[in-house]
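In: compute the structure for the input listed below.
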Amino acid sequence: MSDRVSFLEARVEELTSELRNLTVRVEEMSVQLGMASPPVARTPSKPRPIFSTEPESASEEILSWAGEKSLLPRLSTLCFVLVLALALRTLTDSGVVGKQIGSFIGMGYAALLIGVACAMYLKKSPLAPVFAISGPALLATIVLEVHARFDSLPAMPAYGVLIIAGIATAVIGHVFRVAIPVIVGTLGLCLAGAAIDYPNPFFPMLGMLLLTANLLGTFATRLHRCSWLRWILLAVTLFMQVLWATKLGIALRGASPVPPSLAATWFMPTIALFMVTFVATALLGILKSGQDKISRFDLALPTINAVWVFLSAVYVASSTGTGLALYGAVGIAAALGHLGVCVWLAGQSPEQARGASAFALAGSALLALALPLAFSQAAIPPVLLAATAFGLAFIAHRWQRGGVRAVSYLLQGYACFAFLALHHLKPAETLTIVAAVAAALVSLIAMAHHHWCRTHGPPQDSKLFSRFDRRDISASLILMGVLAAAFCALRSGAWLAFGGTASPAFLTTQTVIITAAAAGLMVMAFVRRNKELRNVAILVTLVALVKVFFHDLMLMRGMPLVIGIFSFGIAAAVQSVVLGRWQSRAPREVEAATDTPETSGKLQQQVSD
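Out: Numbers count the residues shown, from 1 in each chain. As a prediction, the model looks like this:
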C-alpha cells in the first residue's frame with residue numbers, strides 16, 4: 001500500500017513539473033507574439049425581459065442607432081447654426097446692424113464654421129460634417145447676396161473670397177482624407193461664382209474661378225469617386241465660356257466698342273489655359289486609375305475639350321475678319337499632340353493604355369476640324385484624314401488596342417463621306433479634276449484599310465469587340481465609305497466628261513453608277529461567298545431605289561429616265577438570281593459536308609456564318 005502511495009506522489013510531482021514547463025513556454029510565446037494581456041472577466045449577459053416583444057426591440061434598436069450615428073445631435077447642431085445665421089440676417093434687414101458690418105460679420109461667421117469643422121475633424125467628432133457642409137454653403141450664399149443685394153462687396157473681392165474658401169475646404173479634405181468639405185466647397189465656389197453679375201460678369205476672373213473649381217473637383221474624385229461633381233463643373237464651365245465667346249463674337253462684329261467685361265485680349269489665353277489644364281487632368285486620371293476602371297469623364301474630356309476650345313477660338317477669330325489659316329495650323333499641331341499622347345499611351349502597360357482611344361478620338365476630331373482651315377482646297381483634307389485613319393489601324397494592331405481600332409473606323413468613314421457633304425456645301429470644288437483624283441485616292445486608301453482589317457482581326461481581349469462586335473461588323477463602315485468616295489470620284493469624272501453642265505445625261509450617269517455598283521457587289525459576294533459584300537449590295541440597291549423612284553421620276557423626262565429605270569431593273573434582276581442561287585447553295589453544301597467528316601465542321605461553320 002505504501003509503494004502505491006509513493007508511486008502516486010511521484011506521478012503527481014512529474015505532472016506538476018510538466019505543467020510548470022508548459023506554463024513557462026506559453027508565457028514566452030505570448031510575449032514574443034505581443035499577445036500577453038490580462039484576462040478579461042466575462043460579464044454575464046442580462047436576462048431578456050419576460051414581457052419583451054419584437055416591436056419594442058426594433059424601436060430600441062432604432063433609438064440606439066440614432067444615438068450612435070449622431071443623427072439627432074447633428075440635426076440639433078444644424079438647427080443652432082441656422083438660427084444664428086437667420087438671427088444675424090434679421091438684425092441686418094431691420095437696420096439694427098449696418099449692412100456693411102452685417103455682411104462682414106456674416107462672412108466671418110461662415111469662415112468660423114469652416115474653422116470649427118477643421119477642429120471637429122481633428123477631434124474626430126461626429127459633428128464635423130455639419131460644420132463642413134454649413135460653413136461653405138453659408139459663405140457662398142452670403143457672398144452672393146452681399147454682392148447682388150447689398151452691393152457692399154465688389155466683384156473682384158467676391159471672387160477672391162470664394163476661391164480662398166474653396167482652397168481652404170480642399171486643404172481640410174486633404175489633411176483629414178474626407179470628401180464632404182471639398183464637394184460642398186467646390187459646388188459653392190462654382191455656382192456662386194457663375195451667378196455673380198450674371199449674365200455680364202467679368203469673364204477673365206470668372207474663368208480663373210471656374211478653372212480653380214474644376215481642379216478642386218478633380219482633387220475631390222481622388223478622395224471619393226464622384227464623377228457627377230466633375231460633370232456639373234464642366235457643364236457650368238462650358239456654358240459660361242460659350243456665353244463669353246458668343247457675346248464677344250457679337251460685339252466684335254458690331255460697330256459699337258467691346259465692353260470691358262468681355263476682355264477681348266484675355267479670351268484666347270484663357271481658353272488655351274483651359275485646354276492645357278483639361279488635357280493634363282484627363283491624362284493624370286488615366287495614369288492614376290491603376291487597376292480600377294477609368295472614369296467615363298476622363299475618357300470623354302479630351303474630345304469635349306478639344307472640340308469646344310477650337311470652335312470657340314475659330315468663332316471669335318472669324319468675328320474679327322482675320323484669316324483662319326493660322327488657327328488651322330495651330331489646331332493641326334494640337335491634334336498631332338493628342339495623337340502623340342495616344343501613341344505613347346498605347347505602348348504603356350495594359351492598365352494605362354486603356355485611355356489611348358480617348359486621345360485618339362480627340363486628336364482625330366481636332367484634325368478633322370483644323371485641316372479644312374489650313375488648306376484652301378477642300379479636297380485635300382479627306383486624303384490626309386484617310387491616311388491618318390490607316391495609321392491608327394496599324395497602331396491599334398501593334399499594341400492590340402481595340403478602342404483605337406474603332407476610332408480608325410470612324411475617321412476613315414468620315415474621310416470618305418466628307419465628299420458627299422462637300423457636294424452640298426461646296427459643289428463647285430467637288431466637280432474638278434483635283435476633287436476626282438482626291439476622291440479616288442481616298443477610296444483606294446479606304447479599300448486597303450478594309451482589306452487590312454479583314455486580314456488582321458481585332459484584339460481578343462478588347463471589351464468593345466468581345467462584347468459588342470465579336471464579328472467586327474463595324475468595319476463595314478469603311479466598305480460603305482469606299483463606295484461613297486468612289487461614287488464621288490466617278491461623279492466628278494462624269495461632270496467633266498459631259499462638259500461641266502448638269503445635263504440629263506449627267507444625272508442618268510449617276511443612277512447607272514449606283515445600280516452597276518449594286519449588281520457588281522452582289523455578283524462579287526456570290527463568287528467570294530462573302531456575306532458582308534452581300535449585305536452592302538442590298539443597302540446600295542435601296543439607295544438606288546430611292547434615287548430612281550423619288551428623284552429621277554420627279555426631275556427627269558425622256559430617254560435619260562428610261563435608261564435609269566432600265567439600269568435599276570437589270571440590277572434588281574441580277575440580285576434576284578444571285579440571291580436565289582445563294583439560298584439553294586447552302587443546303588447542298590451542308591449535304592456535301594456530311595459525306596466528308598474531315599471537312600464537315602469547316603463547311604458547316606461557313607454555312608452558319
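
In: need the helices for the stretch 1-150 of the chain, in chain order.
Out: Counting by DSSP state H, counting those that start in this stretch, one finds helices in the stretch 1-150 of the chain at the ranges 2-33, 54-68, 71-94, 99-122, 128-145.

In: what of the stretch 201-350 of the chain?
Out: Counting by DSSP H, counting those that start in this stretch, the helices of the stretch 201-350 of the chain are 203-223, 227-253, 264-287, 296-319, 325-346.

In: okay, these in JSON lines with mean pLDDT next?
Out: Shown next, in JSON lines, are those (pLDDT from 0 to 100):
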{"stretch": "helix 203-223", "mean pLDDT": "89"}
{"stretch": "helix 227-253", "mean pLDDT": "92"}
{"stretch": "helix 264-287", "mean pLDDT": "93"}
{"stretch": "helix 296-319", "mean pLDDT": "93"}
{"stretch": "helix 325-346", "mean pLDDT": "92"}
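
In: what stretches of the stretch 501-609 of the chain score poorly on pLDDT?
Out: 585-609 (pLDDT under 70).

In: the same query, at a cut-off of 80, please.
Out: 501-503, 555, 584-609 (pLDDT under 80).

In: out of the helices of the stretch 201-350 of the chain, nearest to residue 551?
Out: helix 296-319 (33.9 Å; Cβ to Cβ). To be clear about C-beta, it is placed using only N, CA and C from the backbone, and glycine gets the same treatment.

In: how far off centre is the closest one?
Out: With Cα atoms, centre = their mean, to the nearest Å as the basis, helix 296-319 stands 13 Å off its chain's centre.

In: now it against helix 227-253, angle please.
Out: 0 degrees (axes from the mean of the first three to the mean of the last three Cα atoms, to 10 degrees).

In: what is the orientation angle of helix 296-319 with helix 203-223?
Out: 170 degrees.

In: can I get helix 296-319 in PDB, CA atoms only?
Out: Output in PDB follows, covering the C-alpha atoms of helix 296-319 (Å, rounded to 0.1, in the frame of the first residue of the first chain):
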ATOM      1  CA  ARG A 296     -16.000  58.000 -68.200                       C
ATOM      2  CA  PHE A 297     -15.400  61.600 -67.500                       C
ATOM      3  CA  ASP A 298     -11.600  61.200 -68.100                       C
ATOM      4  CA  LEU A 299     -12.300  59.300 -71.300                       C
ATOM      5  CA  ALA A 300     -14.700  61.900 -72.700                       C
ATOM      6  CA  LEU A 301     -12.900  65.000 -71.500                       C
ATOM      7  CA  PRO A 302     -10.100  65.200 -74.200                       C
ATOM      8  CA  THR A 303     -12.600  65.200 -77.100                       C
ATOM      9  CA  ILE A 304     -15.100  67.600 -75.400                       C
ATOM     10  CA  ASN A 305     -12.200  69.900 -74.500                       C
ATOM     11  CA  ALA A 306     -10.600  69.900 -78.000                       C
ATOM     12  CA  VAL A 307     -13.900  70.500 -79.900                       C
ATOM     13  CA  TRP A 308     -15.300  73.300 -77.800                       C
ATOM     14  CA  VAL A 309     -11.900  75.200 -77.400                       C
ATOM     15  CA  PHE A 310     -11.200  75.000 -81.200                       C
ATOM     16  CA  LEU A 311     -14.700  76.000 -82.200                       C
ATOM     17  CA  SER A 312     -14.800  78.900 -79.700                       C
ATOM     18  CA  ALA A 313     -11.400  80.200 -80.900                       C
ATOM     19  CA  VAL A 314     -12.400  80.000 -84.600                       C
ATOM     20  CA  TYR A 315     -15.700  81.700 -84.000                       C
ATOM     21  CA  VAL A 316     -14.100  84.600 -82.200                       C
ATOM     22  CA  ALA A 317     -11.300  84.900 -84.700                       C
ATOM     23  CA  SER A 318     -13.700  84.900 -87.600                       C
ATOM     24  CA  SER A 319     -15.600  87.700 -86.000                       C
END
